[in-house]
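Novice: just to be clear, the model below is a prediction. Sequence and coordinates:
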Amino acid sequence: MAKIKNAGPSIFVVAMIAGLVGYILGCTRGERDQPAQAQSVAANQQNVETQPSEQSSRARLTDPNGTVSDRYVYYPGTEKLGSDEVRIVACGTGMPAARRGQAAACFLVELGNGDKFLFDIGTGSMANIMSLNIPADFLTKIFLSHLHTDHWGDLDNIWAGGWTGGRTRPLEVWGPSGSRDDMGTKSAIEGFRQAYNWDYVTRWVKISSIPGQITVHEFDFKGVNQVVYDQNDVVIRSVPAIHAGDGPVSFILEWNGYKIVYGGDTAPNNWFIKHCRDADFIVHECMLTPEQLMEFYGQPAPRAMMMQSDIHTSAQAFGKVMSELKPRHAVAYHFFNEEATRYAIHDAVRQTYAGPLSMADDMMVWNITRERIRERMAVSADDAWDVAGPTPQPLPDKKFPPQESEFTLKERWLPAIEVDNEAFRDFRKKHGLPEPGKR
Ligand SMILES: [Zn+2]
Ligand SMILES: [Zn+2]
C-alpha cells in the first residue's frame, strides 16, 4: 500500500484495489459454505495471507507488553525436562581441528529421571557444555567412543573446570579396551593423570582432592551389544566400530522404552546394523564429500576416498544405514557444517535416505517424547558461569602438604602485600576473616 501511495494514487488504481478487496472478501465469506474441492481452488487463487485468522493454530500475542508462548529456541535452564522425556544437546559436532564455530564430537543425553550422560567430549566442546548452565555434579558420567582427541580432547577441561566449578565427586569415564594394554581407556586415563600431575597435586592442596579423581570403567571393545552400564533403569551397551584401529565402539542407551544410539567414528558395519534397529534416535557420523576433503582439507584424492569409506562413513552410506535402520530421527555429524559444505552432504544423504534428518551443528537440541521429536537450536550465554549444585564442595584435606617451598615463598614482594592488606581490611571484617599474620 505504501508503494502505491508514494507513486500517487489514481482513480484507476483505487478502483482496482477496491475490486480486488471486494472479490477476496466475497470469496472468503462464502468459503465455509463451499464444498472442500471448491475451497481448495479458491485458496489457490488467493493470496494465502488473506485467509481468515481463526484458521491458524498459532498462538496469538494480544498484549503488546506480553510474552510469546514459543520462541522456537531452547534457553538452557528454563525448561524442566518431563519425567518421560529425553533431551539431547549437540555440544560438539565437528572435526579434530575444532574451530570457534564448531567444537569436536560431544553429545549430552539428559533423561527424565535426572540422569545425564556425555557421549564423547571432543576438543572445544566444554565451552558449549558450560553454556547449558548445568551444575558440575550432574555431569560426571562420560562415555568415550574412542581415544582420538576429537572425541576426548576436552576431558582436561571438564576435569579441572568442573573441579574448580564445585564438583564434589570423581569423574567416571567409560571407554573401550584396545589391541594392547597401552591402547585402552585405562592406560589413557593413567597417562592423562600423569600428564596433569602438577595440576592435580597443586589443586588438591587448595581445594578438595576428591573431584580430581577419575574412576575408569574400561570394557572389552570386542563386546557385541554388551552391557557396559546398568544403573537406575538405564542400560548402555556397546558395539564395536571400524575406525583406524582396534578399539572404537558405538553406544546404545535404553531407558523407559526409549532407544538412543550414539555412533562414534566408524565405517558402516554389521554390528551397528544388527543392534541399532528400532531406535528412537540415531546419531551417526557422516563425512565431508571427497571433493570437500580435497578442497577444504587439503587431502589428495586417494586419501579423500580412504577417509570417506575406510575409516569413516560417506554421506550416501550414512543415508543407506538410516534407510536400513529406520530410526524415528537420524542425526548426521562429524563434518564442518557451513554454507560451502552442507548442501552437497545433504544431497548425498538424500540419494539414499528420505526419513527424518538433522544435519547437526553445535548447540542443536532435540526433545524426544512418545509423540514427537522436536529439533531446535539452543540460545545460550557466551559468558556462562558455573551453576552451584545441590551439595557444597568439601574443604581440602589437611593431610596434603603445601607444595610451595621456602625458596618460592620468601620472595613475595612486600609492597603488594601491604596494598592488599589495606584493600582487604573491610573485606576481612565483613567475612569474619582473621587479621593478616593471625590465624
Ligand atoms: Zn576418530
Ligand atoms: Zn572423529
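Specialist: Now that the structure is in, tell me what you want to look at. As the structure is a prediction and not an experimental result, all values here were calculated from the model. Ligands and ions are numbered 1, 2, ... in the order given.

Novice: how about Phe192, what does it touch?
Specialist: By Cβ atoms under 8 Å, 6 or more residues apart in numbering, Phe192 lies in contact with Leu155, Asp156, Trp159, Ile214. In this view, the C-beta of every residue, glycine as well, is placed from N, C-alpha and C.

Novice: can you tell me how far the last one sits from Glu435?
Specialist: Just to be clear, that refers to Ile214. Separation of Ile214 from Glu435 (Cβ to Cβ, to the nearest Å): 40 Å.

Novice: and those two? which has more neighbours close in?
Specialist: Ile214 (18 against 10; other Cβ atoms under 10 Å).

Novice: so what pLDDT did the more buried one get?
Specialist: Looking at Ile214, its pLDDT reads 98.

Novice: next one: the one 4 residues further on
Specialist: With respect to pLDDT, Glu218 scores 98.

Novice: quick one: contacts for the residue nearest to Tyr262 when sequence neighbours are not counted?
Specialist: Among residues not flanking Tyr262 along the chain, Phe119 sits closest, at 4.1 Å (Cβ to Cβ, 6 or more residues apart in numbering). Shown in contact with Phe119 (Cβ under 8 Å, 6+ apart): Cys106, Phe107, Leu108, Val109, Phe143, Ser145, Phe251, Tyr262, Val283.

Novice: and the residue of the stretch 1-150 of the chain nearest ligand 2?
Specialist: Among the residues of the stretch 1-150 of the chain, Asp150 lies nearest to ligand 2; the distance is 4.3 Å by Cβ to the ion.

Novice: next one: phi and psi at that residue?
Specialist: Note on Asp150: backbone dihedrals following degrees, to the nearest 10 are phi -70, psi 0.

Novice: likewise for Gly165?
Specialist: Torsion angles, degrees, to the nearest 10, at Gly165: phi -90, psi 0.

Novice: distance check, the residue lying closest to it once chain neighbours are set aside against Gly161.
Specialist: Using Cβ to Cβ, 6+ apart and skipping the chain neighbours, the partner closest in space to Gly165 is Asp386 (3.5 Å). In this view, Asp386 and Gly161 are 8 Å apart by Cβ to Cβ.

Novice: do Thr67 as well
Specialist: From Thr67 to Gly161 the distance is 34 Å (Cβ to Cβ).

Novice: with Phe107 instead?
Specialist: Counting by Cβ to Cβ, the separation of Phe107 from Gly161 is 19 Å.

Novice: got any ranges where the stretch 51-200 of the chain has weak pLDDT?
Specialist: For the stretch 51-200 of the chain, the stretches flagged by pLDDT under 70 are 51-54.

Novice: returning to what we had before: just checking, the residue nearest to Gly165 touches Trp163?
Specialist: No - applying Cβ atoms under 8 Å, one finds Asp386 not in contact with Trp163, separated by 10.5 Å.

Novice: okay, buried residues for stretch 366-381 please.
Specialist: Trp366, Asn367, Ile368, Ile373, Glu375, Arg376, Ala378, Ser380 (16 or more other Cβ atoms under 10 Å).

Novice: confirm for me that the fifth one is in contact with Met364.
Specialist: What it means is Glu375. Yes - Glu375 lies in contact with Met364 (Cβ under 8 Å); the separation is 6.4 Å.

Novice: what sits in contact with each of those two?
Specialist: With Cβ under 8 Å, 6+ apart, Glu375 and Met364 have common neighbours Ser358.

Novice: helix, strand or coil for the residue positioned nearest the centre of the chain?
Specialist: Closest to where the C-alpha atoms of the chain average out (Cα atoms, centre = their mean) is Ala90, at 1.8 Å. Three-state call for Ala90 (DSSP: H, G, I helix; E, B strand; the rest coil): strand.

Novice: distance of it from Ser358?
Specialist: For Ala90, the distance to Ser358 - Cβ to Cβ - is 9 Å.

Novice: quick one: common contacting residues for these two?
Specialist: Counting by Cβ under 8 Å, 6+ apart, the residues touching both Ala90 and Ser358 are Val331, Met364.

Novice: spatially, what comes nearest to Asp220 if we skip its sequence neighbours?
Specialist: Going by Cβ to Cβ, 6+ apart, Asp220 has Ser177 as its nearest residue, at 5.5 Å.

Novice: wait, that neighbour touches Val216, no?
Specialist: No - using Cβ under 8 Å, Ser177 is not in contact with Val216, being 10.9 Å away.

Novice: where do the contact lists of these two overlap?
Specialist: Thr185, Lys186.

Novice: show me where the stretch 251-400 of the chain has strands.
Specialist: Here the stretch 251-400 of the chain has its strands, by DSSP state E, counting those that start in this stretch, at 258-262, 281-285, 329-333, 357-359, 364-368, 373-378.

Novice: quick one: which of those is nearest ligand 2?
Specialist: It is, among those and with distance given as Cβ to the ion, strand 281-285, at 6.9 Å.

Novice: tilt between the closest one and strand 364-368?
Specialist: Computed by axes from the mean of the first three to the mean of the last three Cα atoms, to 10 degrees, the angle separating strand 281-285 from strand 364-368 equals 150 degrees.

Novice: strand 281-285 vs ligand 2: in contact?
Specialist: No - counting by Cβ under 5 Å from the ion, ligand 2 has no neighbours in strand 281-285; the shortest distance is 6.9 Å.

Novice: then that strand to PDB, C-alphas only?
Specialist: Output in PDB follows, covering the C-alpha atoms of strand 281-285 (Å, rounded to 0.1, in the frame of the first residue of the first chain):
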ATOM      1  CA  PHE A 281      17.200 -41.600  17.700                       C
ATOM      2  CA  ILE A 282      20.500 -42.400  16.000                       C
ATOM      3  CA  VAL A 283      23.500 -40.100  15.900                       C
ATOM      4  CA  HIS A 284      25.900 -41.300  13.300                       C
ATOM      5  CA  GLU A 285      29.000 -39.800  11.700                       C
END
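
Novice: direction included, what does it pair up with?
Specialist: Strand 281-285 has its sheet partners listed here by DSSP bridges as strand 258-262 (parallel), strand 329-333 (parallel).

Novice: the first one near ligand 2 anywhere?
Specialist: Just to be clear, that refers to strand 258-262. No - using Cβ under 5 Å from the ion, strand 258-262 stays clear of ligand 2, with a minimum separation of 12.6 Å.

Novice: now Pro211: how far from ligand 2?
Specialist: 28 Å (Cβ to the ion, to the nearest Å).

Novice: which SS state does that residue fall under?
Specialist: Classified using three-state DSSP, Pro211 is helix.

Novice: for it, what are its contacts?
Specialist: Ala136, Gly162, Trp163, Arg167, Thr168, Arg169, Pro170, Leu171, Gln393.

Novice: and those, which are buried?
Specialist: Ala136, Gly162, Trp163, Arg167, Thr168, Arg169, Pro170, Leu171, Gln393.

Novice: do you know how far the residue of the stretch 201-350 of the chain found nearest ligand 1 is from Asp154?
Specialist: The minimum distance from the stretch 201-350 of the chain to ligand 1, using Cβ to the ion, falls at Asp265 (3.6 Å). Asp265 sits 16 Å away from Asp154, taking Cβ to Cβ as the criterion.
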